[in-house]
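[1] structure of the sequence below:
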Amino acid sequence: MNKNKSVSFSKKDFNRDHRKIGKKLKFFVFSDRVGTGLPLWLPRGTIFRKNLENFLTDVQEKSGYEMVITPHIGHKKLYVRSGHWDKYGKNHFNPIYTPRKEEEFLLKPMNCPHHCEIYRSQEWSYRDLPKRFAEFGTVYRYEQSGELHGLTRVRCFTQDDAHIFCTYDQLLEELKKVINLVFYVFRTLGFLTYTVRISLRDPKKIDDYIGSKTNWEKAERDILKVVQEEKIEASINYGDAAFYGPKLDFLIQDSLGRNWQLGTIQVDYNLPERFNLYYKGKNNEKCRPVMIHRAPFGSLERIIAIMIEHTEGNLPLWLVPNQVVILPISDKYVVYAKKILNLMSSYNIRVFLDNRNEKINKKIRDSEEKKIPYMIILGNKEEKNEMMSLRRHGVGDIGIFSISNGIESILNEINLKTKTIKLL
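    Numbering: from 1, shown residues only. Model (predicted):
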């Protein structure tokens, strides 16, 4: 849910609307023929989205996560067992029936029951834990039409979901690692102002939650302890816990001063019981693991919408679909332009050639409107001296460079993000 501050908006602020920018930059569209709240990702938006996925995948793999994939549907009994059907059944799409009427399937409304089944598919020893399963899992929820809003509230979205199964002795250390991962993701994406909220049960509505009093007391104690040990300033909010466990919610502040809830971390003793999950302890006894639910982005759709509005579409160079456009001032310089194009492509720079029969000023204006970060202008002087003239979106001319120095300058900016990953 969007926890927005009260902010006064100017006309310029409304120009940040991700729906407007997303359409202009050809990132995504919606179609009434496909269905309300079901985004269609265009090629440029798909590159943006995949860049985010690759970034988080790199971070996760360096942190010991294993990627998994689960189906887009699941048997209704799976969600009855987890408790999600009783809690949120009215927000699910109607059951899908097979030719056998007794079989009822649902479009997957969440990933955690599937990950429980992955854990349950084999036996584990305490030596194997923690197990960290991560997935960019697409889920489907029937949000009311009046609640839908661009990418921030849709009926089909992809969660950057992960579930950690660990021993109780490992729990606090795993929570600390996840908290650091969430903060790292925020910093890398440019969200430097954020707050943390501890979401606990509403003591007046205990029946709204599954599990024993003992499990809840342990989980809430764990959340409070890790926040204290990490010296994190956090408010406490009663009533916003997940129905199976308390959570830490992370709210970032965008450039308009709005607060958005993104990352979440949840401690869960209850689903491992419901799914009868266990591992063999040191004395070969059956022990129940603790489960941590975790999603730094919340969903790809939501983080993309927020990033577009936060940056007004001027995305970081490592994320933007088209990083460089080459603009020859006439057809005479296309051969030279293709030489630079091939060289830059060999460095995995996302570059393309605009060789339309248009005046150079027109090409520059079009590139500025498309918010392409770098423009390379090529004419007689550049070809003769094997140089390139560089322009930066929103800045203008930044100088004439040798081919090698121009490429190095662009690569250095792209690699700012890569270097921080290596240091994680």
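[2] from here on, contacts and neighbour counts on C-alpha atoms
    Will do.
[3] now do the same for the closest residue to residue 296 other than its chain neighbours: helix, strand or coil?
    Using CA to CA, 6 or more residues apart in numbering and skipping the chain neighbours, the partner closest in space to residue 296 is residue 263 (4.0 Å). Classification of residue 263 by DSSP: H, G, I helix; E, B strand; the rest coil places it in strand.
[4] quick one: residue 159 and residue 296, what's the gap?
    9 Å (CA to CA, to the nearest Å).
[5] so between these two, which is more surrounded?
    Neighbour comparison, residue 159 and residue 296: the larger count goes to residue 296, with 26 against 23 (by other CA atoms under 10 Å).
[6] confidence score at that one?
    Looking at residue 296, its pLDDT is 96.
[7] distance of it relative to residue 183?
    From residue 296 to residue 183 the distance is 9 Å (CA to CA).
[8] shared neighbours, residue 159 and residue 296?
    When CA atoms under 8 Å, 6 or more residues apart in numbering defines a contact, no residue borders residue 159 and residue 296 alike.
[9] my read is residue 325 is in a strand, agree?
    Yes. Assessed by three-state DSSP, residue 325 belongs to a strand.
[10] that one - how many residues pack around it?
    Residue 325, neighbours per other CA under 10 Å, totals 22.
[11] residue 98 too?
    Neighbours of residue 98 (other CA under 10 Å): 10.
[12] report pLDDT for the spatially closest residue to it that is not a sequence neighbour.
    Once flanking residues are discounted, residue 98 sits nearest to residue 104: 7.1 Å by CA to CA, 6+ apart. In this model, residue 104 is scored at 91, pLDDT.
[13] I figured residue 104 hits residue 94, correct?
    No. Checked against CA atoms under 8 Å, the pair residue 104 and residue 94 is beyond contact range at 9.5 Å.
[14] where does this structure dip in pLDDT?
    Counting by pLDDT under 70, the chain shows low-confidence ranges at 1-14, 418-424.
[15] and the helices in this protein, which stretches?
    11-14, 18-24, 43-62, 76-82, 84-88, 112-120, 168-188, 213-229, 270-274, 300-311, 334-346, 360-369, 380-384, 403-423 (DSSP state H).
[16] other SSEs contacting the fifth one?
    For helix 84-88, the contact count by 3 or more CA pairs under 8 Å, 6 or more residues apart in numbering; DSSP states H and E identifies helix 76-82 as packing neighbours.
[17] switch the cut-off to 7 Å
    Helix 84-88 is packed against no helix or strand, with contacts defined by 3 or more CA pairs under 7 Å, 6 or more residues apart in numbering; DSSP states H and E.
[18] report the distance from it to the chain centre.
    Averaged C-alpha coordinates place helix 84-88 at 25 Å from its chain's average position (CA atoms, centre = their mean, to the nearest Å).
[19] sorry, back to before: quick check: which of the helices of the chain is buried the most?
    Counting by mean count of other CA atoms under 10 Å, helix 300-311 has the highest mean neighbour count of these, with a mean of 21.
[20] taking helix 43-62 as reference, get the angle to that one.
    110 degrees (axes from the mean of the first three to the mean of the last three CA atoms, to 10 degrees).
[21] and the contacts of helix 300-311?
    16, 17, 18, 151, 152, 157, 158, 159, 254, 255, 297 (CA atoms under 7 Å, 6 or more residues apart in numbering).
[22] distance check, the third one against residue 24.
    In this structure, residue 18 and residue 24 are separated by 10 Å, where distance is defined by CA to CA.
[23] and if you look at residue 181?
    From residue 181 to residue 24 the distance is 33 Å (CA to CA).
[24] and if you look at residue 135?
    Counting by CA to CA, the gap from residue 135 to residue 24 is 30 Å.
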